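Q: Please find the sequence and the predicted model below.
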Amino acid sequence: MHKPKIERQEFPKVFCIDDIQCVPSATGGYDYRAGLYHNYACITVFFNAAQRDLRLKKGAFVSIDWTNAIQSVSGAIKVAGLNVRGCSIFDFNPFLSVPRTWSMDRHLINCARDLWDIAPKALRRMLRDMLDAHAERR
């Protein structure tokens, strides 16, 4: 059976962690498995890290540190790691990554997403700073 080849540039640059598990690895370090959400892609990834990263938690915005080749094992994509990113990423609309499991009114989320796209840069900068400050307090 032919497996379609997936290119990493087809994935969004930033996801929101919707679910994450971290357990000590039998070979050392920590094994992570995370469900990542974006309006355009929901994926599960796994990786091993030498140290535990307490910033990797539900609701954190992350970018993927890809491996050379995309490999899927038991429904999850093997990656090199996740990089915590704040909302300060200039071209990132955080309302594209509000997981559906958060049980929020999707109409309001869609309105916020659309308003973000037309808001002046100064307003987006202020909102990004507020969202980052809120994320740091979690």
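A: That came through, no problem. Here the structure is a predicted model, which means the values were calculated and not measured. Numbering: from 1, shown residues only.
Q: buried ones in stretch 35-45?
A: The neighbour-count check on stretch 35-45 (16 or more other Cβ atoms under 10 Å) flags 35-39, 43, 45 as buried. For every residue, glycine as well, the C-beta is placed using N, CA and C.
Q: Point out where the chain drops to low pLDDT.
A: Within the chain, the ranges that satisfy pLDDT under 70 run 1-9, 86-90, 103, 134-138.
Q: mind listing the helices for it?
A: Taking DSSP state H, the helices of the chain run over residues 106-118, 121-137.
Q: Just give me how far the first one sits from the chain centre.
A: For helix 106-118, the gap between its own C-alpha mean and the chain's C-alpha mean amounts to 19 Å (Cα atoms, centre = their mean, to the nearest Å).
Q: So the residue nearest the centre of the chain versus Phe95, what's the distance?
A: Note on the chain: the residue nearest the mean C-alpha position is Phe15, at 2.4 Å, using Cα atoms, centre = their mean. Phe15 sits 13 Å away from Phe95, going by Cβ to Cβ, to the nearest Å.
Q: can you check Cys42 too?
A: From Cys42 over to Phe95 (counting by Cβ to Cβ), the distance is 16 Å.
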